[in-house]
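*Asks:* Here is a sequence together with a model predicted from it:
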2 protein chains.
Amino acid sequence: MNASQPSRRGRPGHSQSSVVAVAVETFNRHGYEATSMGMLADALGVSKSAIYHHVPSKLEILRLALDDALSALETAADDAEAAPPSAASVADLMRATVRVLIEKQSEVRLLLRLRGNSDVEREAIERRRAVDRRTAAVIEAAQAAGELRGDLEPRELARLMFGTVNSVVEWHRPGGRQSSEEVAETVVSLLMDGARQRA
Amino acid sequence: MNASQPSRRGRPGHSQSSVVAVAVETFNRHGYEATSMGMLADALGVSKSAIYHHVPSKLEILRLALDDALSALETAADDAEAAPPSAASVADLMRATVRVLIEKQSEVRLLLRLRGNSDVEREAIERRRAVDRRTAAVIEAAQAAGELRGDLEPRELARLMFGTVNSVVEWHRPGGRQSSEEVAETVVSLLMDGARQRA
């Protein structure tokens, strides 16, 4: 048998990122609170002490996973802010967000279900809210430029668009028959042009 | 002081429905698994044994709350199936669903976060999936009738529309400045006609 990829700390079988990836799945299945380090050890097929070679605590695993998702969402918002206010820049932001949601689906699912039970959760919720506010501003700027309908309240429009985009996390199956690009195009097309058949 | 409304079992201060309502808030705050009957007693300001005068178990509270939300969603689906396939019947179903989500917001939030850790949860998830399938069929019939765009895959369109509608549960504040009718109209308008400004 080939040896698995070694971690940075020289332990065979798992790296920090593979420990985090398995932990995120376990958190999503049982809830973060209900998941013990013993359950993580079982899921990883290692001892509890082996986990501590990769991460100092369950909370630090959560922090790493949330930071991974949030950093990608923040980059999408950076790009949208750098573009001129337009329907196209809003569409690009939606597309980029769908891509993050599909590529980091488990981490985003964890993020969307946080309850704010620790400083780590509260900080992540605050970063997510900041992304929401920046998205609302991008949408509002596109409205002000006359490219999006002005009869929908900007914050509400932003929340509904984000709601549509975020729902992808709930139903998209990893490895499904649609690529992240195809899903992104459907989302953007529905949000921009609506479901009604036009004459 | 006036006595509070007595329950059907003669206990002052709480009815079965008020016990369930407070329990649902507590489940949403801490998670169902992490909520003990002792925590519910604290939230209700009564002893644990007083709770058992109203409900036999924590699981039965969960079942009652989920049944309340699901019955309302099923009624909306019944109405949509009784109407002729059209964009209007899809819009009506979305409107009715938004109303349920706002009027039974806490129960629906609980429903949307279930993980399937018990038979009660698994049955509720199955009922929710049945509503999703019926919604997809209503949308597909409206597409077949030429009233909704045919270039979006029916199941995916249904999931995205439901995603938009369901997101209301996450951000709508009870007692906010918008009525459930106003929120429903915004959701329907965005989903049917899209966000783009038309010439």
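*Replies:* Structure received. Numbers count the residues shown, from 1 in each chain, chains lettered A, B, ... in the order given.
*Asks:* Below-threshold pLDDT in chain A: ranges please.
*Replies:* A:1-12, A:199 (pLDDT under 70).
*Asks:* Outline the domain layout of it.
*Replies:* A:16-56, A:62-193 (automatic domain parsing).
*Asks:* For the residue most central in space within chain A, identify the helix or strand it belongs to.
*Replies:* Geometric centre of chain A, nearest residue: residue A:108, 2.9 Å, by Cα atoms, centre = their mean. Counting by DSSP states H and E, the element that carries residue A:108 is helix A:105-112.
*Asks:* right, and the helix or strand after that helix?
*Replies:* Following helix A:105-112 toward the C-terminus (DSSP H and E): helix A:119-144.
*Asks:* Only the buried residues of that next one, if you could.
*Replies:* Buried residues in helix A:119-144, counting neighbours by 16 or more other Cβ atoms under 10 Å in any protein chain shown, are found at A:120-121, A:124, A:127-128, A:131-132, A:134-143. C-beta coordinates here come from the backbone N, C-alpha and C atoms, glycine included.
*Asks:* Neighbours of residue A:52, how many?
*Replies:* Applying other Cβ atoms under 10 Å in any protein chain shown, we find 12 residues neighbouring residue A:52.
*Asks:* Which ones, among the buried residues of helix A:119-144, also lie beside chain B?
*Replies:* residue A:139 (Cβ under 8 Å from any Cβ of the partner chain).
*Asks:* Stretch A:30-41 close to chain B?
*Replies:* Yes: with Cβ under 8 Å from any Cβ as the measure, stretch A:30-41 is seen reaching chain B through A:30-31, A:33-34.
*Asks:* actually stretch A:74-82, sorry about that
*Replies:* No: using Cβ under 8 Å from any Cβ, we find that stretch A:74-82 stays clear of chain B, coming within 14.6 Å at best.
*Asks:* List of residues touching that stretch?
*Replies:* A:89-90, A:92-93, A:96-97, A:100, A:127, A:131, A:134-135, A:137-138 (Cβ atoms under 8 Å, 6 or more residues apart in numbering or on different chains).
*Asks:* Please state the offset of it from the chain centre?
*Replies:* Centre-to-centre, stretch A:74-82 and its host chain are 15 Å apart (Cα atoms, centre = their mean, to the nearest Å).
*Asks:* Show me which positions of it end up buried.
*Replies:* Going by 16+ other Cβ under 10 Å, stretch A:74-82 has these buried residues: A:74, A:76-77, A:80.
*Asks:* Taking those together, which two end up most distant?
*Replies:* A:74 and A:80 (10.8 Å; Cβ to Cβ).
*Asks:* sorry, back to before: export the contacts of stretch A:74-82 to TSV and tack on distance to residue B:174?
*Replies:* TSV is the format used below for the contacts of stretch A:74-82 (distance: Cβ to Cβ, whole Å):
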residue	distance to residue B:174
A:89	34
A:90	29
A:92	35
A:93	30
A:96	33
A:97	28
A:100	31
A:127	26
A:131	25
A:134	26
A:135	24
A:137	26
A:138	28
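*Asks:* Considering these, which is situated nearest to chain B?
*Replies:* Among the contacts of stretch A:74-82, residue A:90 lies closest to chain B (Cβ to the nearest Cβ), at 7.5 Å.
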